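[1] below are the sequence and a predicted model for it; my questions follow.
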Amino acid sequence: MTKFQKKGCDIIKKFYKTTKNLAKKGKNPLNENIPFEKSYMTDFLQGMINYNYEIKAVPIKNGWLELDSMHDYHIYNNKFKDGTISDFFQLMISSFNRMIFHLLLIQVGISDLSL
């Protein structure tokens, strides 16, 4: 999960445009092993660090789930339903946590919310 303020958003947009233009020359500046369009957020953040941007981390005490695909969504959905989400980390499953999970899925563009 990431959080940016106005100034940070402006920097990110500028860096994205810069790296996208560099990638048009044939080499992905974020990860030379994959096309620019397949870059991960970790590639992007590491690229910012490599270009001397300051990135601050916030420690997460209870863990998180990385959601990259519908396959991931279905795995997590099933683990929520059968109570085995603790295979990944400890989570008190409550209606509030379900609501947050739904909102995160909506934010990343997944609308099949059959929890």
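    Happy to help now that I have it. Please read all numbers here as calculations on a predicted model, not as lab measurements.

[2] so where's the protein shaky on pLDDT?
    In the predicted model of the chain, residues 1, 62, 90-115 satisfy pLDDT under 70.

[3] show me where the protein has helices.
    If DSSP state H is used as the criterion, the helices of the chain fall at 6-23, 41-50, 70-82, 95-107.

[4] right, and those - which one's nearest Pro35?
    Checking the helices of the chain against Pro35 by C-beta to C-beta gives helix 6-23 as the closest, at 7.7 Å. Any C-beta I mention is one placed from the backbone N, CA and C, and that applies to glycine too.

[5] list the buried residues for the closest one?
    Of the residues in helix 6-23, those buried under the neighbour-count criterion (16 or more other C-beta atoms under 10 Å) are 12, 15-16, 19, 23.

[6] can you redo the helices of the chain as CSV with distance to Pro29?
    What follows is these, written out as CSV (distance: least, C-beta to C-beta, whole Å):
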stretch, distance to Pro29
helix 6-23, 5
helix 41-50, 6
helix 70-82, 27
helix 95-107, 27
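
[7] what is the nearest of the buried residues of helix 6-23 to Asn52?
    Distance from Asn52 was checked for each of the buried residues of helix 6-23 by C-beta to C-beta. The minimum falls on Phe15, at 11.1 Å.

[8] ok, that closest one to Asp82 distance?
    Summarising the geometry, the distance separating Phe15 from Asp82, computed by C-beta to C-beta, to the nearest Å, is 41 Å.
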